[in-house]
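>>> Sequence and computational prediction follow.
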Amino acid sequence: MKVLVIGGGGREHALVWKIAQSPLVSKVFCAPGNPGIGTIAENVDLAVDDLPGLLAFARREGIGLTVVGPELPLSQGIVDLFEEYGLKVFGPRRNAAIIEASKAFSKELMHKYSIPTAAYEVFSEIAPALAFVDRLGAPIVIKADGLAAGKGVVVAQSRDEAHAAVRDMLSGNAFGDAGSRVVVEEFLRGEEASFLAFTDGKNIVPLASAQDHKAVFDGDLGPNTGGMGAYSPAPVVTPRIHDIAMREVMRRAVDGMAAEGRPYRGVLYAGLMIDGDEVKTLEFNARFGDPECQPLLMRMKSDLVPVLLAVANDDLSGVTIDWHDQAAVCVVMASGGYPGDYRKGFPIRGLEAAAQVEEVVVFHAGTTRQGGDIVNSGGRVLGVTALGPTVAVAMERAYRGVKAIHWEGVHYRSDIGGKALDR
Ligand code: AMP
Ligand code: GLY
């Protein structure tokens, strides 16, 4: 079977890496892919939002399964379009992808179906939003309603910062249309985890636990990014927390979406805040987490392709997933300045040396080929990911890989996995 993966980041490199190992698969294409993906699959020069181009390609090539990585094409209805033409595709339809595409929708879903979450209100006018900020007080969280690449959330430490964020988003300066409505919500304390599960709209098969590191600097300081690193398993997700998350978050979300006439099929990602025995939902995503996907897929022992096909065929019953006991740690290497402005086009050195480190895979995210060099072309550039018998060993290997790589301005966190060690 031929498989098409849509996307060109670290998540898609990990998906391609895993899918290419399946005995069911004869060839993998990736649109648009990247130079790392190009070493194991055929890159196709089509953008993730070129829906007609992707459809024409899949039909022409006789693609047996399309796997959609990023949220943008999902929210544009790529799954609906491919299904119209009888193609098998992994991901939620447009009316279900809204669980990520609109934070106002997902908060209302949580409220209606008793999924634990922070107290909140939705605003499209500045004055009432500012009044609500004043009533709740700081710290407080301001979120753009629409898609903003993981950067549409401001955790404001002061009233002034919160006011500025509200004004910025609602006056259309930040995030354009995505910020035309904002969610203002209560600040939650605790430790975060990323809880992902496959679902066909009825059955739910959880993935292993994972934890992301959203802030750009060590110690969770600085602005939020798309994710600076991740590891799996996450000890904060104890068996008890796992049960609560399945029962109160995943089950209610999947049943709630079905009850709303928006059956959810694909991988559902809940961002959780865990405080003692209390689990609250920060957000839902309609796709694999990036970078969580990298350590998770390195730990997956089972073939991924039958799982993706079962979801695409609406029948996950009887599907189970085996995981390696080993831990995995992914350290994101980013362009200096990210998530703000950064400079591109610097040659990346040491990729081969890093790949030689025991149990290390270097997943490419924002790279491109320029002449004979591979250069940085995005904010998040590489995800250096390692397996190890413990998180500590996986960390040591991942950082040995990281230290072998260099380009001008490179930035990475040096504490990815640290919270697992603290426990
Ligand atoms: P979201 O995209 O909604 O998950 O928000 C991105 C990040 O902002 C989360 O991963 C948290 O680190 C932080 N965050 C979001 N909502 C809250 C909240 N209510 N309280 C504390 N931190 C939050
Ligand atoms: N790593 C966070 C996300 O994928 O949204």
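Nice, I can see it. Ligands and ions are numbered 1, 2, ... in the order given.

>>> Tell me how many other residues surround A334.
By the measure other C-beta atoms under 10 Å, the count of residues near A334 is 26. Every residue, glycine included, has its C-beta placed from N, CA and C.

>>> ok, now which ones touch it?
V216, T225, M228, Y342, G379, R380, V381, V410, H411, Y412 (C-beta atoms under 8 Å, 6 or more residues apart in numbering).

>>> Filter these down to the ones in strands?
Among those, the ones falling in strands (DSSP state E) are V216, R380, V381.

>>> Where does confidence bottom out across the contacts of A334?
Among those, T225 carries the lowest pLDDT, at 90.

>>> And for that residue, the neighbour number?
Using other C-beta under 10 Å, T225 has 23 neighbouring residues.

>>> Show residues contacting stretch 118-125.
So stretch 118-125 is contacted by 104, 107-108, 129, 132, 136, 141, 145, 166, 170, 180-188, 273, 280, 282 (C-beta under 8 Å, 6+ apart).

>>> if you set the cut-off to 6 Å instead, what comes out?
Applying C-beta atoms under 6 Å, 6 or more residues apart in numbering, the contact partners of stretch 118-125 are A104, K107, A129, F132, R181, V182, V183, V184, E185, E186, L188.

>>> need the residues of the stretch 101-250 of the chain near ligand 1, please.
Residues of the stretch 101-250 of the chain found near ligand 1 (C-beta under 6 Å from any ligand atom) are A118, V141, K143, V153, V155, E185, E186, F187, L188, E192, K214, N224.

>>> rewinding a little: include neighbour count when you put the ones in strands among the contacts of A334 into CSV, please.
Shown next, in CSV, are those (neighbours: other C-beta atoms under 10 Å):
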residue, neighbour count
V216, 22
R380, 24
V381, 29
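
>>> ok, these vs ligand 1, which is closest?
V216 (12.0 Å; C-beta to the nearest ligand atom).

>>> Max pairwise distance over the contacts of A334: which two?
T225 and V410 (14.6 Å; C-beta to C-beta).

>>> hang on, V362 packs against A353?
No. Taking C-beta atoms under 6 Å as the definition, V362 is not a contact partner of A353, at 10.0 Å.

>>> So which of the two has more stuff around it?
V362 (27 against 14).

>>> pLDDT score assigned to that one?
98.

>>> Could you find the closest non-adjacent residue to M333?
Nearest residue to M333, sequence neighbours excluded (C-beta to C-beta, 6 or more residues apart in numbering): L382, at 4.4 Å.

>>> that older thread, now tabulate the ones in strands among the contacts of A334 in TSV and tack on distance to ligand 2.
Output for the ones in strands among the contacts of A334, formatted as TSV (distance: C-beta to the nearest ligand atom, whole Å):
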residue	distance to ligand 2
V216	13
R380	10
V381	15
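
>>> I'd like to know which of those residues is nearest to S22.
Looking across the ones in strands among the contacts of A334 and measuring by C-beta to C-beta, the closest to S22 is R380, at 26.4 Å.

>>> Next, the contact list for the closest residue to the closest one other than its chain neighbours, please.
In this structure, R380 finds its nearest non-sequential neighbour in A365, 4.6 Å apart by C-beta to C-beta, 6+ apart. Applying C-beta under 6 Å, 6+ apart to A365 gives the contacts G9, G10, R380, V381.

>>> Present the residues you listed as TSV; the columns should include distance to ligand 1.
Formatted as TSV, the contacts of A365 follow (distance: C-beta to the nearest ligand atom, whole Å):
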residue	distance to ligand 1
G9	17
G10	18
R380	15
V381	21
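
>>> how about a markdown table for these, with distance to K2 added?
Listed next are the contacts of A365 as a markdown table, based on distance: C-beta to C-beta, whole Å:
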| residue | distance to K2 |
| --- | --- |
| G9 | 21 |
| G10 | 23 |
| R380 | 28 |
| V381 | 29 |
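
>>> List the buried residues in stretch 37-45.
The neighbour-count check on stretch 37-45 (16 or more other C-beta atoms under 10 Å) flags I37, G38, A41, N43, V44 as buried.

>>> Filter these down to the ones in helices?
In helices, judged by DSSP state H, none of those are found.

>>> Show me these that map onto strands.
N43.

>>> and the buried residues of stretch 37-45 near ligand 1, which?
Of the buried residues of stretch 37-45, not one also sits near ligand 1 (C-beta under 6 Å from any ligand atom).

>>> ok, so of the buried residues of stretch 37-45, who is nearest ligand 1?
Looking across the buried residues of stretch 37-45 and measuring by C-beta to the nearest ligand atom, the closest to ligand 1 is I37, at 26.0 Å.

>>> Roughly how far does the closest one sit from E396?
From I37 across to E396, the span is 27 Å (C-beta to C-beta, to the nearest Å).

>>> likewise S124?
Per C-beta to C-beta, S124 is found 49 Å from E396.

>>> Could you do V410 as well?
19 Å.

>>> How about E292?
If you go by C-beta to C-beta, the gap between E292 and E396 works out to 21 Å.

>>> Pick out whichever of the two has more residues nearby.
E292 (30 against 16).

>>> if I pick the more buried one, what's in contact with it?
Contacts of E292 by C-beta under 6 Å, 6+ apart are S194, A210, D212, A230.

>>> Highest neighbour count among the residues you listed?
A230 (30 neighbours).

>>> Is that one located within a strand, as I assumed?
Yes. Secondary structure of A230 (DSSP: H, G, I helix; E, B strand; the rest coil): part of a strand.

>>> Thanks a lot, catch you later.
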